[in-house]
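S.K.: Fold the following and give me the result.
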Amino acid sequence: MKYIFTVLAALLIVSSGFGQVIPKVPVYEIFTSSTCPPCKPASEHLIPILENYDEEVIVISYHMNWPGNGDPYFTQEAGSRRNYYGVNGIPSVWTDASNVNYTSVTTASVESELNQTAEMQMDVRYLIDSVGQSIRIRARIEAFADYTDGAHKVYLPILEHLTTKNKETNGENEFHYVFKKMLPDLQGEIIIGALDAGDVIEYDTTYVFNGNYRLPFTANDPIDHEVEHSVEEFTDIYPVMFMQSLVDKEIYQGAIGIEESTVENLEREWGTDRIPPLSIAEHNAESGFGLYPNPADEGLNLILPADSYVSQLRIVDMTGRQVVELTNERFARKTLPTQHLEEGVYMVQMTVNGERFSSTFVVAH
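M.R.: Here you go, the predicted model:
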């Protein structure tokens, strides 16, 4: 038995998983900018395809500091990732560390990637404290084969599903899978030495976004994570994880964080079932239902599990008067316009994949 202590307080122990093969989670890394004209058609091609696989593939958008003033959400950590691959032009797309033309990413190519296998299992859970501007992450990595390169990196990026405030000159109005922070720092975490079949790495770490939100005027004045942040909605952030060889850049495996609504579920033993929700709020969270911002002004964003079937959606005011209705639609994310609604409290009522959900929100102009 061997123990390795790391920056993220990981503990390496010996388990028994030799020889297992499981599906691989592909990692799509996109280098882009809201000041890059050709990045707009790239996004228009990529996002509709990749959104259909939100729970199956990792997508990370690193926003760059060029052309012109660059993207306001550029960070030094995103620049470090650019330098790692030697990116010198955008848009630039990397599928499992291989540079590809964005037009080659199709439904068929994603399905082909999903048919790949890995000899490593990764699991990630997280719990958000919106008031405290923090995210607690627990993760587990288990090797089912020997990884003998001698040096590896574990990356734990925090992403925001959707941002709008960083729009600039290229015509894009919203941005998806936006990179916000790399844990433990811009270099990820180096693990020196071979990983043997049966080795397990476990993480339990909390990251706090310090200070207040700031939108940099240009990318030349990037966010200083010590005193400020660029998160638009804390309910919309989530972690992903992947491990990569430092020898040939091979990505062994990845994982997409699964949000938990209680500390008990976050801390439950790996491989055990979730503790049933005790309230409507917990039920909504456990089922992947979310809405933001709250209060809403011009629009209310709905978050559902990938490819959800919404047989009915109603928004009613506190008198019971229906002000919005949708039927028989399929989506994972949707923005409902609210600029026409009077200020006040409203309720969203939905039937999604046969289950009923409800939540209140406020309209404030």
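S.K.: How much space separates Glu111 from Arg333?
M.R.: From Glu111 across to Arg333, the span is 21 Å (CB to CB, to the nearest Å). For every residue, glycine as well, the C-beta is placed using N, CA and C.
S.K.: Which one of those two is surrounded by more residues?
M.R.: Comparing Glu111 with Arg333 by neighbour count (other CB atoms under 10 Å), the higher total belongs to Arg333, at 17 against 11.
S.K.: So which bits of the helix or strand where that one lies are buried?
M.R.: When secondary structure is defined by DSSP states H and E, Arg333 falls within strand 322-337. Of the residues in strand 322-337, those buried by neighbour count under the rule 16 or more other CB atoms under 10 Å are Val324, Leu326, Ala332, Arg333, Lys334, Leu336.
S.K.: among those, which two are most distant?
M.R.: Greatest spacing in the buried residues of strand 322-337, by CB to CB: Val324 and Ala332 (18.7 Å).
S.K.: circling back to that earlier point, CA atoms only for the strand holding Arg333 - export them in CSV, please.
M.R.: In CSV, the C-alpha atoms belonging to strand 322-337 read as follows (Å, rounded to 0.1, in the frame of the first residue of the first chain):
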residue,chain,number,x,y,z
GLN,A,322,-51.1,31.8,-16.7
VAL,A,323,-48.7,34.1,-18.5
VAL,A,324,-46.5,31.6,-20.4
GLU,A,325,-47.2,28.1,-21.7
LEU,A,326,-45.0,25.6,-23.7
THR,A,327,-46.0,22.1,-24.8
ASN,A,328,-44.2,19.1,-26.3
GLU,A,329,-40.7,20.4,-26.6
ARG,A,330,-37.3,18.8,-26.1
PHE,A,331,-34.4,20.7,-24.7
ALA,A,332,-31.8,20.8,-21.9
ARG,A,333,-31.5,24.5,-21.6
LYS,A,334,-33.9,27.3,-22.6
THR,A,335,-34.3,31.0,-22.0
LEU,A,336,-37.8,32.2,-21.4
PRO,A,337,-38.3,36.0,-22.1
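S.K.: Give me the phi and psi for Ala143.
M.R.: The phi/psi pair for Ala143 (degrees, to the nearest 10) reads phi -90, psi 130.
S.K.: Assess the claim that it and Ala194 are in contact.
M.R.: No. When contacts are counted by CB atoms under 8 Å, Ala143 is not listed as touching Ala194 (9.6 Å).
S.K.: Of these two, which one has the most company?
M.R.: The residue with the greater number of neighbours, taking Ala143 and Ala194 and applying other CB under 10 Å, is Ala143; the counts read 25 against 14.
S.K.: list the contacts for that one?
M.R.: For Ala143, the contact set (CB atoms under 8 Å, 6 or more residues apart in numbering) comprises Gly17, Glu119, Met120, Leu195, Asp196, Ala197, Gly198, Asp199, Val200.
S.K.: Tell me what it is bridged to.
M.R.: The residues listed as beta-bridge partners of Ala143 by DSSP bridges are Met120.
S.K.: Go ahead and measure how far the top helix by length along the chain is from the middle of the chain.
M.R.: The residue-count maximum for a helix in the chain (DSSP state H) belongs to helix 39-50. Distance of helix 39-50 from the chain centroid (CA atoms, centre = their mean, to the nearest Å) equals 17 Å.
S.K.: just checking, what packs against that helix?
M.R.: Contact here means 3 or more CB pairs under 8 Å, 6 or more residues apart in numbering; DSSP states H and E; on that basis helix 39-50 packs against strand 27-32, helix 107-114, strand 175-183.
S.K.: contact partners of it?
M.R.: For helix 39-50, the surrounding residues in contact (CB under 8 Å, 6+ apart) are 28, 30, 32-33, 57, 59, 90-91, 93, 102-103, 105-107, 110, 170-172, 175-177.
S.K.: Just the CA trace of that helix, in CSV.
M.R.: These are the backbone C-alpha positions of helix 39-50, laid out as CSV (Å, rounded to 0.1, in the frame of the first residue of the first chain):
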residue,chain,number,x,y,z
CYS,A,39,-15.1,31.9,-33.8
LYS,A,40,-18.7,32.8,-34.3
PRO,A,41,-19.4,30.2,-37.1
ALA,A,42,-17.3,27.7,-35.2
SER,A,43,-19.5,28.1,-32.1
GLU,A,44,-22.6,28.0,-34.3
HIS,A,45,-21.4,24.6,-35.7
LEU,A,46,-20.1,23.1,-32.5
ILE,A,47,-22.5,24.1,-29.7
PRO,A,48,-25.7,22.6,-31.2
ILE,A,49,-23.9,19.3,-31.6
LEU,A,50,-22.1,19.1,-28.3
